[in-house]
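Enquirer: Coordinates for the following, if possible.
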Amino acid sequence: MPYFDAASAAPLHPVARQVLLAALDEGWADPARLYREGRRARLLLDAAREAAAQAVGCRPDELTFTSSGTRAVHSGISGALAGRRRVGRHLVVSAVEHSSVLHSATDHESRGGSVAEVPVDRSGAVSPAAYGAALREDTALACLQSANHEVGTEQPVAEVAGLCRDAGVPLLVDAAQSLGQGPVPGGWSLLAASAHKWGGPAGVGLLAVRKGVRFAVQGPADERESGRAAGFENIPAIVAAAASLRAVRAEAAAEAERLRALVDRIRSRVPALVPDVEVVGDPVRRLPHVVTFSCLYVDGESLLHELDRAGFSVSSGSSCTSSTLTPSHVLRAMGVLSEGNVRVSLPTGTTAQDVDRFLDVLPGVVAGVREKLGAPAAAAPSPAAPAASLVVDALGRRCPIPVIELAKVIGGVPVGGTVTVLSDDEAARLDIPAWCAMREQEYVGEEPADRGSAYVVRRLS
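Expert: From the prediction side, this is the model:
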């Protein structure tokens, strides 16, 4: 059964499994003790730190092991903000950062700080100029992911790092998605990553803080990990994480070339095989193993369930697969279609046969979901005397129903006529404009309504 969700958690690398089992026997003791079992554990921990630091591109004494990548981000942001409190309380982030960064930003605002969110273009990338313009004299910290976790777009880290350096602002880079692929561009001040993203065991994160960066650990003091990560170190998991990072980096170049070719095949074939699909993310500056696309007139949750029944494990940023009933903040920031969203992220070892079978199955699965939802096969013909305007009441109905109902009636108004869709589904704010762009109709705009919002569309063809 092909597993295509490596961006969420990569399968445990064989090296990680082998080292983990060995380290369970050798690394169970307290590394702070002076007896032989403690010394043995300390040697394993030190060797793992040195190996991880080499992969990250920092000194061993600059690297801390944490309990997760999220914990590394939270600790990195809070510590850097506290350490530079005299400079100011302004934080800069991109609109597509991982939720761990955005949650830290929300917490910072709740404590009286200020946050600037830099927008992205339709490919999901920030403009270095826009990022530089967000930096101020009172900016204490800037955050930028190395590559996006949902669409794979790589960010201009080197350029932004140069702007931050000129402004005297430390830059924290979330490298969770890219560290296993290769070195992160230089110039960063803090870096966070997570082992389960590259095939290491879950429960191990990395936080690197360059010497010279003002950093004040928040929370109760602890003797472990230079005081930056409280609690007893999980030495077997840490050793396995460092060993697997070294292993995946050794094979990264060859594997990236192979996976990029498979992803290119998905990017080119999906729009040819499935009507009304938008492939999102930068086609060139991207992670080699990630591709994301959205399908009109499809319920994302149903699509994932049907693909799972067909033997494929994928993920989605659609609102109908989210407990919050709102589309992915990444897709929203990019302004792209969110309904029927599918992220395919190929793990190491994925074969061409796996990809071909996915491409064989996908068209039938999408067609089946569309049929169940009553999606239009084609635009309805115009009546003899079409109305100048129509109103579609989709209140109380979730994505993709508002767009399906719009597509059904657009042919019922003359060219130049309008359709107003009433909807209280948050996804409609994103998906109706995206539908208009895909179908070459004019999105007039959003108007207030007694319930929800009124989305006005003008027929152009």
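Enquirer: Let me know how buried residue 163 is, in neighbour terms.
Expert: For residue 163, the neighbour count with other CB atoms under 10 Å is 20. In short, each C-beta sits where N, CA and C put it, glycine included.
Enquirer: same deal with residue 106?
Expert: With other CB under 10 Å as criterion, residue 106 counts 12.
Enquirer: how close does it sit to residue 84?
Expert: Distance from residue 106 to residue 84, counting by CB to CB, to the nearest Å: 19 Å.
Enquirer: low-scoring stretches of the stretch 251-400 of the chain, by residue?
Expert: Scanning the stretch 251-400 of the chain with the threshold set as pLDDT under 70 gives 319-325, 377-386.
Enquirer: tell me which element the spatially most central residue of the chain is part of?
Expert: What sits nearest the mean C-alpha location of the chain, by CA atoms, centre = their mean, is residue 149, with 2.4 Å. For residue 149, there is no enclosing helix or strand under DSSP states H and E.
Enquirer: Look up how far residue 30 lies from it.
Expert: As judged by CB to CB, residue 149 and residue 30 stand 35 Å apart.
Enquirer: Could you double-check that the residue nearest to the centre of the chain lies in contact with residue 175?
Expert: No. Assessed by CB atoms under 8 Å, residue 149 is found out of contact with residue 175, at 11.0 Å.
Enquirer: Reduced to three states, what does the closest residue to residue 202 other than its chain neighbours come out as?
Expert: Nearest non-adjacent residue to residue 202, counting by CB to CB, 6 or more residues apart in numbering: residue 196, 4.2 Å away. Following DSSP: H, G, I helix; E, B strand; the rest coil, residue 196 is assigned to helix.
Enquirer: What residues does residue 196 make contact with?
Expert: 9, 10, 69, 202, 203, 204 (CB atoms under 8 Å, 6 or more residues apart in numbering).
Enquirer: these two touch, right, the second one and residue 347?
Expert: So the one you mean is residue 10. Yes. Using CB under 8 Å, residue 10 is in contact with residue 347, at 5.4 Å.
Enquirer: what do the two both touch?
Expert: residue 199.
Enquirer: neighbour count winner among the two?
Expert: residue 10 (23 against 20).
Enquirer: How much space separates the more buried one from residue 234?
Expert: Counting by CB to CB, the gap from residue 10 to residue 234 is 18 Å.
Enquirer: Please apply the same query to residue 49.
Expert: For residue 49 relative to residue 234 (CB to CB), the value is 13 Å.
Enquirer: now residue 205
Expert: 11 Å.
Enquirer: Overlap in contacts, those two.
Expert: residue 67.
Enquirer: Spatially nearest residue to residue 3 (excluding sequence neighbours)?
Expert: Nearest to residue 3 is residue 313, by CB to CB, 6+ apart, at 4.8 Å.
Enquirer: returning to that earlier point: comparing residue 49 and residue 234, which residue is more hemmed in?
Expert: Remark: of residue 49 and residue 234, residue 49 carries more neighbours, 22 against 17, as counted by other CB under 10 Å.
Enquirer: quick one: secondary structure of that one?
Expert: Three-state call for residue 49 (three-state DSSP): helix.
Enquirer: contacting residues around it?
Expert: Contacts of residue 49 by CB under 8 Å, 6+ apart are 60, 63, 65, 242.
Enquirer: all strands for this protein, in order.
Expert: 63-66, 90-94, 114-118, 139-145, 171-174, 190-194, 205-209, 277-280, 290-295, 341-345, 389-393, 418-423, 442-448, 453-458 (DSSP state E).
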